[in-house]
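Asker: Got a sequence here, can you model it:
(one chain, ligands or ions: 1)
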Amino acid sequence: MHFEFTEEQLMIRQAARDFAQAELKPGVIERDEHQKFPAEQVKKLGELGFLGMMVSPQYGGSGMDAISYVLVMEELSKVDASASVVVSVNNSLVCYGLEKYGSEAQKQKYLIPLAKGEVIGAFCLSEPEAGSDATSQRTTAIDMGDHYLVNGTKNWITNGNSASTYIVMAQTDAAKKHHGINALIIEKGMEGFTIGPKENKMGIRGSDTHSLMFTDVKVPKENRIGDEGFGFKFAMSTLEGGRIGIAAQALGIAAGAHELAVQYAKERKAFGKTIADLQAIQFKLADMATEIEAARLLCLKAAWLKDHGKSYTQAGSMAKLFASEVAMRTTVEAVQIHGGYGFVKEYHVERLMRDAKITQIYEGTSEIQRIVISREVLK
Ligand SMILES: Cc1cc2nc3c(=O)[nH]c(=O)nc-3n(C[C@H](O)[C@H](O)[C@H](O)COP(=O)(O)OP(=O)(O)OC[C@H]3O[C@@H](n4cnc5c(N)ncnc54)[C@H](O)[C@@H]3O)c2cc1C
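Answerer: Residues are numbered from 1 along each chain as shown. Okay, here's the model as predicted:
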């Protein structure tokens, strides 16, 4: 086993760290306050090649490995999880699925601009009545011969308004249950496709979350990804990779909060010494560091398995479950270490605490991760 990164991985991590400090940190409090999507920053992330990190250069990507993806997600998420979720969704849920399962024409038309970061994508599975139980899709895609007619509503879609390319799961043959679901590429601007107002959220407030409405949207047959009825498998397969991204996002949120807590503990004085001299604070920092390191190793292991073409179902779910719970615990303690200052926006930790919560919910709640893991354990 090798616990060392390659020169290239270290360079990529440094580039992400520098970018986060120079481009994401300024304005992150204001973007959170005003729910402002980090459009300029996302454009620059595209220029750096971070929006199509693992896509082959042949299709406009950077050809990096999943380990590098984890490193980049951690560094960006230490500072701005609203920006890092764009990186995660575009890479894992949109580009990965298109490269792995899309037709050559779909790759030429949609994947190349997505991987170059010229446009961004959205992954549309959840509905008002289909979240964890994603099999009960109410959105329909009626087969009309040369096209599908799509009707329905999708909920909570990340990049909902800022995306140009949407991968939408819809039910074509209800009798076949989840084997009757298709994954369709829908473009912004197609007739009958409307976008609801932005959700007013607790955390990742800069991220652009919307519901989407489809009324008799004509989607050409060539926009179906994979064979008829492949949509549910497509969604589950892309979400497996997505979990590595969200696990790394949770890891970054935790690591960012820990860095701030260490720094603050060394500066803040109480009872004639710094609070870092108090064993109660030292033990909190030690526990946080230990959990963060364990979360990091789980994320890297899942990424390593993916890079080596091995199954990462269980590892990805374990990484997401553990890292998201560590993110929650760590950020709560980071606020505690900051005392009253932790409760105000200027010190960043309250935002990280609010941002941490979503990592236990999206791309499969912690309960769903436990279902996936227990299924693997009991095989
Ligand atoms: C900010 C944000 C961004 C999102 N982005 C996207 C996106 O881009 N694309 C997309 O498709 N979706 C997205 N989602 C949706 C997200 O994936 C769902 O919210 C999530 O899967 C949970 O579904 P739900 O909200 O319907 O909760 P429910 O499924 O109704 O769950 C409610 C509670 O019941 C528990 N529960 C449900 N079933 C079980 C079970 N079998 N065993 C034990 N417990 C169970 C859950 O864990 C949860 O605690 C986003 C959500 C949010 C909030």
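Asker: mind checking how far whichever residue of the chain sits closest to the ligand is from Ala39?
Answerer: Nearest to the ligand, among the residues of the chain, is Gly131, at 1.7 Å (CB to the nearest ligand atom). Bear in mind the C-beta positions are built from the backbone N, C-alpha and C, glycine included. Applying CB to CB, to the nearest Å, the value for Gly131 to Ala39 is 28 Å.
Asker: How about Thr165?
Answerer: Distance, Thr165 to Ala39, by CB to CB: 16 Å.
Asker: And the two? Which one has more around it.
Answerer: More crowded of Thr165 and Ala39, by other CB atoms under 10 Å: Thr165, with 22 against 13.
Asker: surely Gly180 meets Ala170?
Answerer: No - Gly180 lies out of contact with Ala170 (CB atoms under 8 Å); the separation is 9.7 Å.
Asker: Stretch 90-109 vs the ligand: in contact?
Answerer: No - using CB under 6 Å from any ligand atom, stretch 90-109 never reaches the ligand; the gap is at least 7.1 Å.
Asker: Go ahead and name everything in contact with that stretch.
Answerer: With contacts defined as CB atoms under 8 Å, 6 or more residues apart in numbering, stretch 90-109 is touched by 51-56, 59, 61, 69, 110-111, 114-115, 117, 120-123, 159, 165, 167, 183, 185, 222-223, 225-226, 230, 234, 237-239, 241-242, 244-245.
Asker: List the contacts of the residue nearest to Pro38 when sequence neighbours are not counted.
Answerer: Nearest residue to Pro38, sequence neighbours excluded (CB to CB, 6 or more residues apart in numbering): Ala83, at 4.6 Å. Residues in contact with Ala83 (CB under 8 Å, 6+ apart) are Leu24, Pro38, Gln41, Val42, Leu45, Leu76, Gly206.
Asker: what does Ala163 give?
Answerer: For Ala163, counting by CB under 8 Å, 6+ apart, the contacting residues are Val119, Ile120, Gly121, Ala122, Lys188.
Asker: Quick one: neighbours of Glu30, just the number.
Answerer: Glu30 has 11 nearby residues by other CB under 10 Å.
Asker: quick one: contacts for it?
Answerer: Applying CB under 8 Å, 6+ apart, the residues contacting Glu30 are Lys36.
Asker: ditto for Asn223
Answerer: Gln106, Leu184, Ile185, Ile186.
Asker: farthest-separated two in those?
Answerer: Among the contacts of Asn223, the pair separated by the greatest distance (CB to CB) is Gln106 and Ile186, at 12.4 Å.
Asker: Of the two, give the one with the bigger neighbour count.
Answerer: A count of neighbours by other CB under 10 Å puts Ile186 above the other of Gln106 and Ile186, at 26 against 18.
Asker: Is the closest residue to that one other than its chain neighbours in a helix, a strand, or coil?
Answerer: Of all residues not flanking Ile186 in the chain, Tyr166 sits nearest, at 4.6 Å (CB to CB, 6+ apart). When classified by DSSP: H, G, I helix; E, B strand; the rest coil, Tyr166 comes out as strand.
Asker: Just grab the bridge partners of Tyr166 for me.
Answerer: With DSSP bridges as the criterion, Tyr166 is bridged to Ala122, Ile186.
Asker: In contact with it, which residues are there?
Answerer: Counting by CB under 8 Å, 6+ apart, Tyr166 touches Gly121, Ala122, Cys124, Ile157, Ile185, Ile186, Glu187, Lys188, Leu212.
Asker: try Val150
Answerer: Val150 touches 139-141, 168, 170, 184, 186, 192, 214, 216-219, counting by CB under 8 Å, 6+ apart.
Asker: need those in JSON lines with distance to the ligand and secondary structure, can you?
Answerer: Putting the contacts of Val150 into JSON lines (distance: CB to the nearest ligand atom, whole Å; DSSP: H, G, I helix; E, B strand; the rest coil) gives the following:
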{"residue": "Thr139", "distance to the ligand": "11", "secondary structure": "coil"}
{"residue": "Thr140", "distance to the ligand": "17", "secondary structure": "strand"}
{"residue": "Ala141", "distance to the ligand": "16", "secondary structure": "strand"}
{"residue": "Val168", "distance to the ligand": "9", "secondary structure": "strand"}
{"residue": "Ala170", "distance to the ligand": "12", "secondary structure": "strand"}
{"residue": "Leu184", "distance to the ligand": "14", "secondary structure": "strand"}
{"residue": "Ile186", "distance to the ligand": "13", "secondary structure": "strand"}
{"residue": "Gly192", "distance to the ligand": "20", "secondary structure": "coil"}
{"residue": "Phe214", "distance to the ligand": "14", "secondary structure": "strand"}
{"residue": "Asp216", "distance to the ligand": "22", "secondary structure": "strand"}
{"residue": "Val217", "distance to the ligand": "17", "secondary structure": "strand"}
{"residue": "Lys218", "distance to the ligand": "22", "secondary structure": "strand"}
{"residue": "Val219", "distance to the ligand": "17", "secondary structure": "strand"}
